[in-house]
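A.B. asks: Pasting a predicted model and its sequence here:
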Amino acid sequence: MKNIGVILSGCGIYDGSEIQEVVLTLLSIDKAGASPFCFAPDIPQYHVIDHTSGEVMTGEKRNVLVESARICRGNIMDLKKIDSVELDALIIPGGYGAAKNLSDYAIRNAEFDVIPDVAKVVDSFHRAGKPIGFICIAPVIAARLLGSEHVELTVGSHRQTVADIESLGARNVDVGVEDIVVSTQCKVVSTPAYMLGQSIGEVAAGIDALVRKVVELS
């Protein structure tokens, strides 16, 4: 049985992992006959958003690992312990947490950085020739870390995001929400998910295709 690492970035689209994307990822991993292992960095969130209004909750503080645990029923580990599990592949779902907590893309755009723990893990899997899946906005992380290798990705059709990742050397491929892009040389798989999706069914199809391809390549 293949073991698939899943890196989470909090709980909720506006300040953490997109919950539906995570649940669909975990479901697809199970359907593919593999086992998911969830991880998150033990760090403060960039900020906390009231998901009923979209407003920043001034003075509210939350922890990325603690919040991520809500989605996977507490079955999660500190990202620093990822080497303690023998994993065959890695997947990073979307949500603004990927652009606020795992990186600072949402704040610095093309000048952004990826946090060291995430960069280290992605680099380790890449060097080992293990496949990595990036969902929704998460492909910006691949662009920053693997752009020099001209990795092929999809972040949907958002013009500024496309321009940003291509400025890093990556190439955006415009595909439908139910489709995936496979960068064969880098063993990177991506899908637009809610960068394009209007329904959970559309998003589910793309995520399922991504997971199946990642498992196949592992």
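C.D. replies: Thanks, I have the structure now.
A.B. asks: Once you drop chain neighbours, what's closest to residue 192?
C.D. replies: residue 156 (4.0 Å; C-beta to C-beta, 6 or more residues apart in numbering). Bear in mind the C-beta positions are built from the backbone N, C-alpha and C, glycine included.
A.B. asks: Who are the contact partners of that neighbour?
C.D. replies: Residues in contact with residue 156 (C-beta atoms under 8 Å, 6 or more residues apart in numbering) are 174, 177, 192, 195-196.
A.B. asks: Throw the residues you listed into CSV and include pLDDT, thanks.
C.D. replies: CSV is the format used below for these (pLDDT from 0 to 100):
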residue, pLDDT
174, 94
177, 97
192, 97
195, 96
196, 95
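A.B. asks: From those residues, pick the one nearest residue 80.
C.D. replies: Proximity of the contacts of residue 156 to residue 80 (C-beta to C-beta) peaks at residue 195, which lies at 29.2 Å.
A.B. asks: Now do stretch 10-22: everything it contacts.
C.D. replies: Here stretch 10-22 makes contact (C-beta under 8 Å, 6+ apart) with 6, 8-9, 40, 45-49, 51, 54, 62, 64, 67-68, 70-72, 93-98, 100-101, 135-136, 193-194, 200, 203, 207.
A.B. asks: List only buried entries from the residues you listed.
C.D. replies: 6, 8-9, 40, 45-49, 62, 64, 67-68, 70-72, 93-98, 100-101, 135-136, 193-194, 203, 207 (16 or more other C-beta atoms under 10 Å).
A.B. asks: pLDDT below threshold where in this structure?
C.D. replies: For the chain, no stretch is flagged by pLDDT under 70.
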